[in-house]
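Peer 1: coordinates only, no sequence provided:
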């Protein structure tokens with residue numbers, strides 16, 4: 001695994017953890033009425049896209 005790929009993995013894990021923590025805080029707080037916004041969906045879409053890219057890179061490296 002290349003250093004660049006390891007860096008990408010750390011970055012996407014941090015983004016996923018941040019988004020997850022935000023939503024668990026909202027779910028656990030009965031007084032919170034924060035809406036799920038387009039920005040939140042964009043962040044989730046970006047995380048999924050980054051994970052897909054990392055998986056593809058790993059599969060390509062494995063097939064070489």
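Peer 2: Nice, thanks for sending it over. Please read these numbers as outputs of a predicted model, since none were measured by experiment.

Peer 1: how distant is stretch 4-11 from the center of its chain?
Peer 2: 12 Å (CA atoms, centre = their mean, to the nearest Å).

Peer 1: my bad, should have said stretch 28-45
Peer 2: That offset, for stretch 28-45, works out to 15 Å (CA atoms, centre = their mean).

Peer 1: quick one: buried residues of that stretch?
Peer 2: 43-44 (16 or more other CB atoms under 10 Å). All C-beta spots, glycine's among them, are computed from the backbone N, C-alpha and C.

Peer 1: pLDDT of it, averaged?
Peer 2: In this model, stretch 28-45 has a mean pLDDT of 84.

Peer 1: end-to-end on that stretch?
Peer 2: Using CA to CA, to the nearest Å, the end-to-end distance of stretch 28-45 comes out at 23 Å.

Peer 1: any idea how far residue 41 is from residue 47?
Peer 2: Distance of residue 41 to residue 47, computed by CB to CB, to the nearest Å: 11 Å.

Peer 1: state the distance from residue 56 to residue 40.
Peer 2: Counting by CB to CB, the gap from residue 56 to residue 40 is 25 Å.

Peer 1: same check, this time on residue 33
Peer 2: Taking CB to CB as the measure, residue 33 falls 14 Å from residue 40.

Peer 1: wait, doesn't residue 15 sit right on residue 46?
Peer 2: Yes: in this structure, residue 15 is within contact of residue 46 by CB atoms under 8 Å, at 7.4 Å.

Peer 1: where exactly do the helices run in the protein?
Peer 2: Using DSSP state H, the helices of the chain run over 3-28, 38-63.

Peer 1: need phi/psi at residue 30.
Peer 2: With angles defined as degrees, to the nearest 10, residue 30 sits at phi -60, psi -20.
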